[in-house]
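Q: the following block contains a protein sequence and its predicted model.
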Amino acid sequence: MVEWQGFTERSESSMPSITENLARVEERIGAACQRVGRRREEVKLVAISKTFPAERIREAYEAGLRDFGENRVQEAESKRPALSDLAITWHLVGHLQSNKAKLARELFQWIHSIDSEKIAQKLDHAAAASGEKLPVLLEVNLGEEPSKFGAGGEDVVQLGERVSRLETLELRGLMIVPPFFEDPESARPFFRRLRELARSISDAKLPNVSMHHLSMGMTHDFEIAIEEGATIVRVGTGIFGERK
């Protein structure tokens with residue numbers, strides 16, 4: 001601790017480690033699962049590593065994490081060479097530009113942010129030669145926030161039908177970033193509505209579709225998301241600390 005003019009600054013060495021942060025996140029996940037009678041194994045934890053350097057990702061890997069999420073294709077591309085020796089599963093959780101589709105297919109094993117037929121087609125064409133299947137999620141903007149990407153709730157079933165026709169994509173579920181609320185409980189209706197939309201797509205019995213995943217919940221609200229059925233939670237600050 002360093003005191004200066006009435007302020008107390010914690011030295012970097014005294015800040016909680018990724019291992020300590022991860023233990024707290026795991027405790028929160030376990031408690032949320034227990035409250036609603038779910039098994040911990042039903043929820044995948046994806047560490048959102050955007051803006052954090054490769055060495056911090058390696059530290060998180062050594063703490064036991066295997067799934068990492070990035071927002072930008074270019075940032076992931078710059079980090080991957082320094083982490084090529086690690087068995088990481090990479091998730092793209094940010095908006096995908098159509099001109100980055102080919103590179104995204106090379107870098108990521110999961111895409112959470114399909115929000116249009118155009119993007120889906122670009123991803124499909126990028127793998128037409130190899131024919132390899134790519135798990136994808138549809139991003140839904142239920143808050144109708146102009147600053148966020150995602151298909152509208154009234155459009156997502158139709159989008160699911162169109163994506164199901166693309167041979168190299170496997171539609172696995174839905175993703176949402178709800179409006180931010182100081183009280184995480186306020187996000188519950190959005191998580192619940194996402195679950196209902198996933199059920200609607202599942203009921204359509206479409207090819208190449210298995211709506212088993214709901215990617216929802218971040219550091220401040222993932223317990224509510226788990227209670228509403230999240231199978232993937234995306235945690236950045238809770239694991240890596242505040243971004244500079």
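A: That came in fine, so what should we check first?

Q: in this structure, where is pLDDT below threshold?
A: Applying pLDDT under 70 to the chain flags residues 1-15, 128-129.

Q: now the helices for the protein?
A: 18-35, 54-62, 73-79, 101-107, 117-126, 156-163, 188-203, 222-227, 237-240 (DSSP state H).

Q: among the ones you listed, which is nearest residue 148?
A: Taking CB to CB, helix 188-203 is the member of those nearest to residue 148, at 11.8 Å. Yep, even glycine has a C-beta here, placed from its N, CA and C like the rest.

Q: what residues sit buried inside that closest one?
A: Buried residues in helix 188-203, counted by 16 or more other CB atoms under 10 Å: 188, 190, 191, 193, 194, 195, 197, 198, 201.

Q: could you say what helices and strands it packs with?
A: Packing partners of helix 188-203 (3 or more CB pairs under 8 Å, 6 or more residues apart in numbering; DSSP states H and E): helix 156-163, strand 169-176, strand 209-215, helix 222-227.

Q: and the closest residue in space to residue 109 that isn't next to it in sequence, what does it touch?
A: Spatial nearest neighbour of residue 109, chain neighbours left out: residue 89 (5.0 Å); criterion: CB to CB, 6 or more residues apart in numbering. Applying CB atoms under 8 Å, 6 or more residues apart in numbering to residue 89 gives the contacts 66, 67, 68, 109, 110.

Q: and residue 190, how close does it get to residue 155?
A: Plainly put, residue 190 is 16 Å away from residue 155 if you go by CB to CB, to the nearest Å.

Q: I misspoke; the intended subject was residue 181.
A: In terms of CB to CB, residue 181 sits 24 Å off from residue 155.

Q: which of the contacts of residue 89 lies closest to residue 126?
A: residue 109 (14.2 Å).

Q: the closest one and residue 92 touch, don't they?
A: No. Under the criterion of CB atoms under 8 Å, residue 109 makes no contact with residue 92, lying 9.3 Å away.

Q: between the two, which one's more packed in?
A: A side-by-side neighbour count of residue 109 and residue 92, using other CB atoms under 10 Å, places residue 92 first with 25 against 13.

Q: contacts only, for the closest residue to the more buried one other than its chain neighbours.
A: Closest residue to residue 92 apart from its sequence neighbours, by CB to CB, 6+ apart: residue 108 at 4.5 Å. By CB under 8 Å, 6+ apart, the contact list for residue 108 reads 70, 76, 90, 91, 92.

Q: which among those count as buried?
A: Buried members of those, counted by 16+ other CB under 10 Å: 70, 76, 90, 91, 92.

Q: I appreciate the help and will end here.
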